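Trainee: Provided below are the primary sequence and the corresponding predicted coordinates.
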Amino acid sequence: MRIHTLLIAGAIAGLVISAGSARAQDTTSSVKKAGAAVHHTLKKTGNAIKKDVKKAGSATHQALRTAGNKTKTVAGDATGIHKVGGTVGNAAQSVSRAGKSTARSAKHTVKSTKASAHHALQKAGDSTKAAIKKPL
């Protein structure tokens, strides 16, 4: 009789332990699923933003290039000089270098802002993961 009682008690203890661990795994997997969903949403949003920014930048570049070419043509028609050289070439070079310098500075600003935002998000994610892993 004692053996049957011990077997039944052992079976009940085993069921309790397995149910407790299954519950813990479900909690962990649901946290992981929620984290994965947030990650994928942020990634899709970030990619969409990058795509829109690139499209706007490309359109701006094409408009500026077209306007610059038209301006050069008009200036060439007015002066009769269509080949760039001499003082005209030097002036064009200084304008070009100023534009490139401005563009590099703008690109640096965008990249540093992006990097700081990424750093902040990564820090927040790491602290969230650490808080979830700590037992209460």
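Mentor: Perfect, thanks for sending it.
Trainee: The residue lying closest to V31 once chain neighbours are set aside: neighbouring residues, count only.
Mentor: Residue nearest to V31 in three dimensions, not counting chain neighbours: I132, with 5.8 Å by CB to CB, 6 or more residues apart in numbering. All C-beta spots, glycine's among them, are computed from the backbone N, C-alpha and C. Using other CB atoms under 10 Å, I132 has 13 other residues around it.
Trainee: Equivalent analysis for G68, please.
Mentor: Count around G68 with other CB under 10 Å applied: 14.
Trainee: any idea which helix or strand comes after the helix or strand harbouring it?
Mentor: G68 is part of helix 2-79, with elements assigned from DSSP states H and E. Following helix 2-79 in sequence order, the next helix or strand is helix 86-133 (DSSP H and E).
Trainee: Against which helices or strands is that next one packed?
Mentor: helix 2-79 (3 or more CB pairs under 8 Å, 6 or more residues apart in numbering; DSSP states H and E).
Trainee: that older thread, pLDDT wise, what is the residue nearest to V31 at?
Mentor: Looking at I132, its pLDDT reads 86.
Trainee: ok now do H118, which residues does it touch?
Mentor: Not one residue lies near H118 by CB atoms under 8 Å, 6 or more residues apart in numbering.
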